[in-house]
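> I'd like to go over a predicted model; first the sequence, then the structure.
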Amino acid sequence: MMFKGYSIRNLMLWVLWMGLSLPVMAASNQTSTPQVTATLISSHSHIAPGEQIILGIKLDILPHWHTYWRNPGDSGTVTTIGWKFSQPVEAGDVVWPLPDRFKMGPIVNYGYENSVTLPTPLKLPVDLKPGKPLKVQAVVDWLVCKEECIPQQVVLSLDLPVVAAGQGQKTAAPDIDLALERQPAKVSWPVRLQGSDGSLTLLVDAPELADAAVKDIWFYPYEWGKIAQSHEQVVTKTATGIAIELHAGDMPLQPGEALEGVLIAKGQSIETSGYLLNPKLQTMTESNPAETGTDSLLLAIFLAFAGGMVLNLMPCVFPVLSIKALSLISHSSLGRGELIRQGLVYTLGVVVSFVALALVLVLLKAGGAQVGWGFQFQSPWFVFLMAYLMFTVGLNLSGVFTIGGGISGVGSHLADKPGYWGSFFTGVLATVVATPCTAPFMAAALGFALARPTPELIVIFISLGLGLAFPYLLLTSWPGLQKVLPKPGIWMEYTKQFFAFPMYAAAVWLVWVLAQQQGELAVVLVLSGFVLIALAAWIYSISRGASSTRLKFANAGVVLVVGLAIGLVTLLAETTPETLPGKQVASTKQHWQPYSAEKLESLLAEGKPVFLNFTAAWCISCLVNEKVALSQPEVVEAFEQQGITYLKGDWTNKDAEITKILTKFGRSGVPLYVFYPAGHAGKPIELPQILTPASVLSHIQP
């Protein structure tokens with residue numbers, strides 16, 4: 001039986017010995033107990049203002065006895081140091097050397113035997129007074145164990161002469177140097193932590209650890225309770241390094257939570273190496289490629305390519321499909337070689353955009369952010385600017401203004417052929433508007449990618465981009481398909497104007513998304529921006545044939561008006577979001593309730609069936625599924641008859657709790673539909689990302 005890492009036996013001994021082992025007060029830098037000699041040492045013999053020095057507590061321990069590391073393991077207690085100084089000094093944390101492990105029956109402890117030095121860095125103030133020694137006092141508490149455990153305390157003191165700035169003198173401190181050398185090294189190896197049902201697998205892509213010369217490998221967690229120390233850590237070789245089987249402890253990790261600690265490898269000799277690891281737990285589900293390695297990477301690449309192709313048919317990409325269709329028609333008179341180049345440039349625009357998106361995700365993840373597919377639409381500023389972009393493209397297609405020679409000239413200068421810049425931009429735009437949707441096959445690929453090292457993530461995103469661009473690239477490269485393209489004519493001008501309306505529709509949708517995020521005032525701001533953009537487009541259009549002087553004034557007016565429109569975006573910070581979908585109080589008319597982790601746990605504890613829907617206002621496929629499937633009378637009636645509680649979680653704005661749930665199910669974005677049967681028997685059932693009433697009913701039938 002354990003109590004926060006202490007065995008009952010050791011706890012009773014600790015209480016007993018607290019009465020017998022009074023503090024040993026020391027007037028010097030060294031004092032002893034029957035089992036341990038403690039010495040306070042310094043890296044400097046003379047200290048100076050503004051310097052950083054290191055103090056160390058050296059413990060010489062009687063043979064067969066040991067003290068404890070920062071995580072004592074199954075029993076024991078950590079050694080603590082209480083510092084007092086005669087002048088204000090900033091003391092850092094103990095820099096813990098690599099520990100050893102001690103096993104007594106089923107108990108595994110982490111600590112030190114024979115001798116250990118615990119260094120502590122000190123930052124000396126710039127106003128430290130020279131000529132007056134700095135008096136240092138350290139109250140050190142430890143637990144020393146053999147078959148019995150004895151708590152002990154000593155008080156050590158040391159006077160350090162203070163000299164003028166820049167005149168500090170280091171002293172030979174081999175014990176401190178050795179302790180600093182025995183620190184875990186930071187490594188760049190790809191490290192992953194996977195787990196389910198209490199079993200954890202730590203995967204380290206480091207071939208050198210699989211070498212036959214390495215005889216002992218053990219992972220020492222910094223925090224007690226995250227893994228079970230008493231379970232044997234089975235190490236197996238993989239194609240890229242090693243895999244270590246761990247078991248969850250009394251305070252198990254949650255999905256997305258990091259397991260920080262030290263991996264220690266011992267060779268045939270006494271040489272020991274330690275490596276600092278900090279992997280986050282990814283829970284493997286049926287929808288997430290469970291195995292790692294070449295096979296699963298190839299599967300993720302294939303799924304990403306297939307998902308990118310299907311993405312062309314998703315509602316999010318419909319507006320930009322009109323631009324691609326118009327581009328194909330306008331290029332139908334070009335030669336085959338030119339059409340192929342146009343397709344390649346469009347593909348380049350898509351791929352470059354996906355790589356840029358992947359790099360942004362990598363940077364945000366490195367900063368500790370929880371991000372997923374479509375994360376940028378959680379920013380009201382991004383939605384605001386995207387609405388501007390869609391509206392501006394619509395005005396251009398309607399003929400309100402025409403960007404002519406300037407842009408074309410840039411394209412000609414860069415590519416030596418007209419139209420390339422437009423094809424590239426079309427690819428960029430296709431990528432931007434595609435991100436609110438998650439196509440079938442994409443969920444597994446994206447969930448896999450976001451948990452993988454940066455190179456693999458980028459490869460998967462490139463495959464996704466190639467899938468999105470493939471249909472257009474096929475049309476521009478296949479002569480047989482090119483023959484079905486209509487001939488250019490006057491009708492193209494009308495077609496171009498007609499294609500403006502999907503852009504306006506996209507702008508309306510984005511205004512609605514902004515209303516969900518920031519409320520009514522944000523809508524007023526973006527609509528005012530539309531008026532200013534239309535005014536700028538009108539000024540630009542009527543001034544093209546003017547004299548140079550009038551043209552300069554007109555251009556200045558365009559810049560001023562556009563600047564005012566962009567300036568409206570900065571006012572978003574002053575708006576406050578109204579009640580959001582999924583966060584409002586459920587009315588009697590709606591058949592769903594807002595999601596919360598507490599409500600889900602309560603319902604499952606009662607054995608009630610639950611249907612989860614994680615959605616977002618900017619996710620068009622989510623809204624379509626709710627309209628054509630989840631809101632249909634037969635589905636609503638089935639939910640009522642079977643007593644299913646329908647919970648809806650809103651991810652329109654960033655929500656860390658929902659992000660954790662998505663990560664748990666191997667998803668990087670919405671939609672996600674999960675059904676928990678009555679009694680919560682077996683695993684929860686995940687539904688496909690494209691729903692019909694029949695598919696929902698088939699999954700919830702008892």
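Noted; the coordinates are in hand. On a predicted model such as this, the values are computed, not experimentally measured, just so you know.
> flag the shaky bits of the stretch 451-600 of the chain, pLDDT-wise.
Scanning the stretch 451-600 of the chain for pLDDT under 70 picks out the ranges 451-452, 479-493, 495-496, 499, 544-547, 569, 572-590.
> next one: the longest helix seen in the chain to chain centre, how far?
Scanning the chain for the helix with the most residues, using DSSP state H, yields helix 336-366. Relative to its parent chain, helix 336-366 has a centroid offset of 22 Å by C-alpha atoms, centre = their mean, to the nearest Å.
> quick check: mean pLDDT of it?
On average, the pLDDT along helix 336-366 is 79.
> try stretch 254-272
Confidence over stretch 254-272 (mean pLDDT, whole number) is 81.
> could you tell me the end-to-end distance of that stretch?
Start-to-end span of stretch 254-272 (C-alpha to C-alpha, to the nearest Å) is 31 Å.
> ok, stretch 636-656 next?
Stretch 636-656: ends 29 Å apart by C-alpha to C-alpha.
> okay, strands next: where are they in the stretch 551-700 of the chain?
Along the stretch 551-700 of the chain, counting by DSSP state E, counting those that start in this stretch, strands occupy 593-594, 610-615, 645-650, 672-676, 685-686.
> for the first one, name the packing helices and strands.
Counting contacts by 3 or more C-beta pairs under 8 Å, 6 or more residues apart in numbering; DSSP states H and E, strand 593-594 packs against strand 645-650. In short, each C-beta sits where N, CA and C put it, glycine included.
> picking that back up, any chance of the strands of the stretch 551-700 of the chain in TSV with distance to Ile539 as columns?
Formatted as TSV, those follow (distance: least, C-beta to C-beta, whole Å):
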stretch	distance to Ile539
strand 593-594	47
strand 610-615	41
strand 645-650	40
strand 672-676	47
strand 685-686	53
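> out of those strands, which one sits most buried?
Mean neighbour count (mean count of other C-beta atoms under 10 Å) peaks for strand 610-615 among the strands of the stretch 551-700 of the chain, with a mean of 23.
> for Asp74, grab phi and psi.
Dihedral pair for Asp74: phi -70, psi -20, per degrees, to the nearest 10.
> next one: the one 4 residues further on
As for Val78, its main-chain torsions (degrees, to the nearest 10) stand at phi -70, psi 150.
> how about Glu634: what's its closest non-neighbour residue?
In this structure, Glu634 finds its nearest non-sequential neighbour in Pro693, 5.5 Å apart by C-beta to C-beta, 6 or more residues apart in numbering.
> send over stretch 355-365 as CSV, restricted to the C-alpha atoms.
The C-alpha trace of stretch 355-365 is given here as CSV (Å, rounded to 0.1, in the frame of the first residue of the first chain):
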residue,chain,number,x,y,z
VAL,A,355,4.2,23.2,-46.6
ALA,A,356,3.8,26.7,-45.1
LEU,A,357,0.8,25.5,-43.1
ALA,A,358,2.8,22.5,-41.9
LEU,A,359,5.7,24.7,-40.7
VAL,A,360,3.3,27.0,-38.9
LEU,A,361,1.8,24.0,-37.1
VAL,A,362,5.3,22.8,-36.2
LEU,A,363,6.2,26.2,-34.7
LEU,A,364,3.0,26.5,-32.8
LYS,A,365,3.4,22.9,-31.4
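> sorry, back to before: weakest of the strands of the stretch 551-700 of the chain in terms of mean pLDDT?
Per-stretch mean pLDDT for the strands of the stretch 551-700 of the chain is lowest at strand 685-686 (a mean of 86).
> that one pairs with which strands?
Sheet pairing for strand 685-686, assigned by DSSP bridges, gives strand 672-676 (antiparallel).
> which residues touch the strand it pairs with?
443, 604, 609-614, 625, 644, 661-662, 665, 684-689, 691, 699-700 (C-beta atoms under 8 Å, 6 or more residues apart in numbering).
> mean confidence for stretch 60-68?
Across stretch 60-68, the average pLDDT comes to 93.
> what sits up against it?
The contact list for stretch 60-68, computed with C-beta under 8 Å, 6+ apart, reads 34-39, 59, 76-79, 100, 102, 109-116, 142-146.
> which of those are buried, as a ChimeraX select command?
Command for ChimeraX, covering only those of the contacts of stretch 60-68 found buried under the criterion 16 or more other C-beta atoms under 10 Å:
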select :35,36,38,39,59,76,77,78,79,100,102,109,110,111,112,113,116,142,143,144,145
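> keep only those of the contacts of stretch 60-68 that are in helices.
Judged by DSSP H, helices contain none of the contacts of stretch 60-68.
> by contact count, what packs against the helix or strand following the longest helix of the chain?
Heading C-terminal from helix 336-366, the first helix or strand you meet, by DSSP states H and E, is helix 380-398. Other elements packing on helix 380-398 under the criterion 3+ C-beta pairs under 8 Å, 6+ apart are helix 318-330, helix 420-434, helix 491-498, helix 500-518, helix 520-542, helix 548-570.
> please name whichever of the strands of the stretch 551-700 of the chain is nearest to Phe354.
Closest to Phe354 of the strands of the stretch 551-700 of the chain is strand 672-676 (C-beta to C-beta; 22.0 Å).
> now Leu40, which residues is it bridged with?
With DSSP bridges as the rule, Leu40 is bridged to Ile57.
> what about the residue nearest to Glu634, how many residues nearby?
A count of nearby residues for Pro693, using other C-beta atoms under 10 Å, gives 17.
> cool, Gly195 as well?
20.
> that one touches Gly249, doesn't it?
No: the criterion here is C-beta atoms under 8 Å, and Gly195 misses it with Gly249 at 12.0 Å.
> the residue nearest to Glu634 against Val635, yeah?
Yes: look at Pro693 against Val635 with C-beta under 8 Å: they come within range, at 5.3 Å.
> which residues do these two both contact?
What both Pro693 and Val635 touch, as defined by C-beta under 8 Å, 6+ apart, is the set Ala629.
> re earlier: deepest-packed of the helices and strands packed on helix 380-398, please.
Per residue and on average, the most neighbours among those fall to helix 420-434, with a mean of 22 (mean count of other C-beta under 10 Å).
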